[in-house]
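1. can't give you the sequence, but here's the structure:
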């Protein structure tokens with residue numbers, strides 16, 4: 001009996017290590033609030049990673065495609081039910097994540113005889129103005145990180161997702177110094193691409209301990225975009241639009257990229 005708690009803790013530690021290893025190669029995702037909405041962006045070769053959830057809410061995910069799809073469908077169903085029983089205006093990202101998705105992911109992670117979710121999720125809800133944008137990152141164990149101000153952190157107008165904590169922290173450090181909430185779409189696009197490049201560079205070089213030089217970022221970005229496609233989507237801030245979510249094609253974005 002005395003050994004049982006220890007075995008559970010050991011099993012949880014092993015499970016965490018396994019999941020982190022599985023998620024480590026995941027291509028980073030950046031979500032930036034700007035003047036006219038929120039831009040989601042990642043770079044890849046095949047699989048879709050950005051999705052609409054409901055009206056003002058979008059999601060990006062890294063991990064196992066099946067688990068991402070299960071969580072995406074659960075989020076859509078919960079939001080649709082809330083919108084049907086109340087109204088579309090009552091659908092809240094905070095309620096969706098805090099009271100539904102996070103508990104489900106935490107429970108799956110802690111039930112050591114069942115399969116956990118191999119997924120890391122990034123949600124955003126666009127507000128009427130940049131100061132009202134909400135970003136929530138949800139980890140595989142149900143932990144939630146928000147862009148809201150806390151005792152130890154100022155409010156952020158962006159959020160990022162990556163395969164390792166080091167990669168994510170470098171992306172955040174770059175955007176803290178470079179991104180402004182009143183930026184134009186073109187500026188936000190190039191900042192998001194630079195942030196992705198920094199995050200992806202970190203995943204390839206485990207000994208990276210600081211932000212690379214601007215020239216190195218530009219060179220790496222150019223090399224990666226030569227063989228990969230840009231996946232991007234917008235959450236429009238204009239409330240008069242019937243559909244607030246819009247996917248952006250690689251071809252319409254390429255002319256806006258700074259060399």
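-> Sure thing, it's come through. Keep in mind that this is a model prediction, so the values were computed, not measured.
2. From residue 112, how far out is residue 7?
-> Between residue 7 and residue 112 the distance is 9 Å, computed by C-beta to C-beta, to the nearest Å. Every C-beta, even on glycine, is put in place using the N, C-alpha and C of the backbone.
3. neighbour-wise, which of these two wins?
-> Neighbour totals were compared for residue 7 and residue 112, and residue 112 leads with 13 against 10 (other C-beta atoms under 10 Å).
4. now the chain, which segments are flagged as low pLDDT?
-> The chain contains residues with pLDDT under 70 at 1-6, 148-154, 206-208.
5. Show me where it has its strands.
-> With strands called from DSSP state E, the chain shows them at 29-34, 37-44, 50-54, 57-63, 119-125, 134-138, 144-146, 158-161, 229-236, 245-248.
6. What is the first one packed up against?
-> With contacts defined as 3 or more C-beta pairs under 8 Å, 6 or more residues apart in numbering; DSSP states H and E, the packing partners of strand 29-34 are strand 37-44, strand 57-63, strand 119-125, strand 158-161, helix 165-178, helix 185-204.
7. And the third one, by the same measure?
-> Counting contacts by 3+ C-beta pairs under 8 Å, 6+ apart, the secondary-structure elements packed against strand 50-54 are strand 57-63, helix 65-85, strand 229-236.
8. Partner strands of that strand, with direction?
-> Using DSSP bridges, the strands paired with strand 50-54 are strand 57-63 (antiparallel).
9. hmm, back to that, can you say which of the strands of the chain is nearest to residue 254?
-> Taking C-beta to C-beta, strand 229-236 is the member of these nearest to residue 254, at 7.5 Å.
10. counting contacts, what elements does that closest one pack onto?
-> strand 37-44, strand 50-54, strand 57-63, helix 185-204, strand 245-248, helix 250-253.
11. Can you add mean neighbour count and give these back as CSV?
-> Output for the helices and strands packed on strand 229-236, formatted as CSV (neighbours: other C-beta atoms under 10 Å):
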stretch, mean neighbour count
strand 37-44, 25
strand 50-54, 20
strand 57-63, 25
helix 185-204, 22
strand 245-248, 17
helix 250-253, 13
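12. I'd like these laid out as CSV, including distance to residue 137.
-> Listed next are the helices and strands packed on strand 229-236 as CSV, based on distance: least, C-beta to C-beta, whole Å:
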stretch, distance to residue 137
strand 37-44, 13
strand 50-54, 15
strand 57-63, 10
helix 185-204, 13
strand 245-248, 19
helix 250-253, 24
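13. Compare the ones you listed and give me the one nearest residue 19.
-> Among the helices and strands packed on strand 229-236, strand 57-63 comes nearest to residue 19, with 8.5 Å by C-beta to C-beta.
14. With distance to residue 245 as extra columns, can I get the helices and strands packed on strand 29-34 in CSV?
-> Compiled in CSV, the helices and strands packed on strand 29-34 are given as follows (distance: least, C-beta to C-beta, whole Å):
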stretch, distance to residue 245
strand 37-44, 9
strand 57-63, 6
strand 119-125, 10
strand 158-161, 17
helix 165-178, 22
helix 185-204, 15
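15. mind checking which of those is nearest residue 255?
-> Across the helices and strands packed on strand 29-34, residue 255 has its closest neighbour in helix 185-204 (9.8 Å, C-beta to C-beta).
16. Next, report how far that closest one is displaced from the centre of its chain.
-> Its chain's average C-alpha position is 13 Å from that of helix 185-204, according to C-alpha atoms, centre = their mean, to the nearest Å.
17. quick one, it and strand 229-236 angle?
-> Using axes from the mean of the first three to the mean of the last three C-alpha atoms, to 10 degrees, the direction of helix 185-204 lies 130 degrees away from that of strand 229-236.
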